[in-house]
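Student: Give me the fold of what follows.
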Amino acid sequence: MVAVCLEYVENRPDDIYIYCSYEPEMYSFDVFFRINGKTVRKNKLNDAVSNEQYDVELDRQRALLHNGNENLKQIHAKCKEFGRDMPTEIKLHYDVKKNKLEGSYNYELVYSNDNERLPDHIFGAWFNEVKSHEE
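Tutor: Below is the predicted model of the structure:
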């Protein structure tokens, strides 16, 4: 997953934040980045740079999400293969400069029993939380 995200941003971010969710037969994957001290979503990468521009065409964004979801399905297959529970939620933070990956995992249902919350809401809240800590 990290490699797919690094490729999307041409190996130039400071940090990558990956959100994955799986609740009964629904997979969700999204990502945001910190570039030049700014926290930005995948479609807003160019807001963080002044000279070079990122290719944020919709087809590239779709490919990123598709590849992330495929990786998530592969993780689920490995969990099944080894008789392990699949996390319902995975939050990964990759510090590019330190080459350090941290993750948190949840095994409880996060949104399935809630009529108003969706993975996008949880992802958005995490994005806002990280963005609020910008220097």
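
Student: What are the buried residues along the helix ranked longest in the chain?
Tutor: Counting residues, the longest helix in the chain under DSSP state H turns out to be helix 58-81. Buried positions in helix 58-81, judged by neighbour count with 16 or more other Cβ atoms under 10 Å: 61, 64-65, 67-69, 71-72, 75-76. Glycine gets a C-beta too; all of them are placed from N, C-alpha and C.

Student: now for these, which pair is the farthest apart?
Tutor: By the measure Cβ to Cβ, 61 and 76 form the most distant pair in the buried residues of helix 58-81, at 22.8 Å.

Student: Poorly predicted segments of the chain, please.
Tutor: Within the chain, the stretches with pLDDT under 70 are 135.

Student: for it, what spans make up the strands?
Tutor: In the chain, strands defined by DSSP state E lie at 15-23, 26-35, 38-41, 89-95, 100-106, listed in chain order.

Student: First-to-last residue distance for stretch 78-94?
Tutor: One end of stretch 78-94 to the other measures 22 Å (Cα to Cα, to the nearest Å).

Student: and it, how far out from the chain's middle?
Tutor: 14 Å (Cα atoms, centre = their mean, to the nearest Å).

Student: one step back: output the strands of the chain as CSV; include the columns mean neighbour count and distance to residue 133.
Tutor: Formatted as CSV, those follow (neighbours: other Cβ atoms under 10 Å; distance: least, Cβ to Cβ, whole Å):
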stretch, mean neighbour count, distance to residue 133
strand 15-23, 22, 11
strand 26-35, 22, 10
strand 38-41, 19, 8
strand 89-95, 18, 12
strand 100-106, 11, 15
